[in-house]
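> Here is a sequence with its predicted model. Questions after.
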Amino acid sequence: WGETGSREPLAEAARAVMIERPVTDLVPGALVLFRMRAGAVAKHCGIVTAPERFIHAYERSGVVEVPLDAGWRRRVAFVFLFPDPS
């Protein structure tokens, strides 16, 4: 979680197929990428399910839906939307 560097491989991959949005655009369906430490590479992701909730996976807990509280919001590094399939 503490890896640093000038490249953001996860964000670069998402950027190639998704629509990047401002980090404040936390709408349902948005993919969010998190930095778990300041200055670290974004390596954790989740999907916003409601204005104040998102789903993600924890190693020992599996996939969970949790509040998108201030602690998580300050870790948001990138937000992407899935393209319209039509």
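Perfect, thanks for sending it. Numbers count the residues shown, from 1 in each chain.
> now the strands for this protein?
Counting by DSSP state E, the chain has strands at residues 19-21, 31-34, 44-50, 53-58, 62-67, 76-81.
> so which of these comes closest to residue 9?
Closest of the strands of the chain to residue 9 is strand 31-34, at 10.6 Å (criterion: Cβ to Cβ). Where C-beta positions appear, they are placed from N, C-alpha and C, glycine not excepted.
> buried set for that closest one?
Neighbour counts using 16 or more other Cβ atoms under 10 Å place 31, 32, 33, 34 of strand 31-34 among the buried residues.
> for it, the distance to its chain's centre please.
Distance, stretch centre to chain centre, for strand 31-34: 1 Å (Cα atoms, centre = their mean, to the nearest Å).
> Please apply the same query to stretch 67-76.
Its chain's C-alpha centre and that of stretch 67-76 lie 10 Å apart, by Cα atoms, centre = their mean.
> coming back round to it: between the buried residues of strand 31-34, which is nearest residue 23?
Closest approach between these and residue 23, by Cβ to Cβ: residue 32, at 8.3 Å.
> which residues does that closest one contact?
When contacts are counted by Cβ atoms under 8 Å, 6 or more residues apart in numbering, residue 32 touches 26, 45, 46, 47, 48, 54, 76, 78, 79.
> Now list the buried members of those.
With neighbours counted using 16+ other Cβ under 10 Å, these contain these buried positions: 26, 45, 46, 48, 54, 76, 78, 79.
> dump the residue contacts of the third one.
Right, residue 46. 31, 32, 34, 54, 55, 56.
> partner residues bridging the nearest residue to it once chain neighbours are set aside?
Among residues not flanking residue 46 along the chain, residue 56 sits closest, at 3.4 Å (Cβ to Cβ, 6 or more residues apart in numbering). Beta-bridge partners recorded for residue 56 (DSSP bridges): residue 64.
> Return the per-residue confidence for residue 56.
Looking at residue 56, its pLDDT is 97.
> And for residue 3?
For residue 3, pLDDT reads 64.
> quick revisit: return the member of the buried ones among the contacts of residue 32 nearest to residue 67.
Minimum distance to residue 67 across those is 8.3 Å, recorded for residue 54 (Cβ to Cβ).
> now that closest one: how far from residue 29?
Applying Cβ to Cβ, to the nearest Å, the value for residue 54 to residue 29 is 11 Å.
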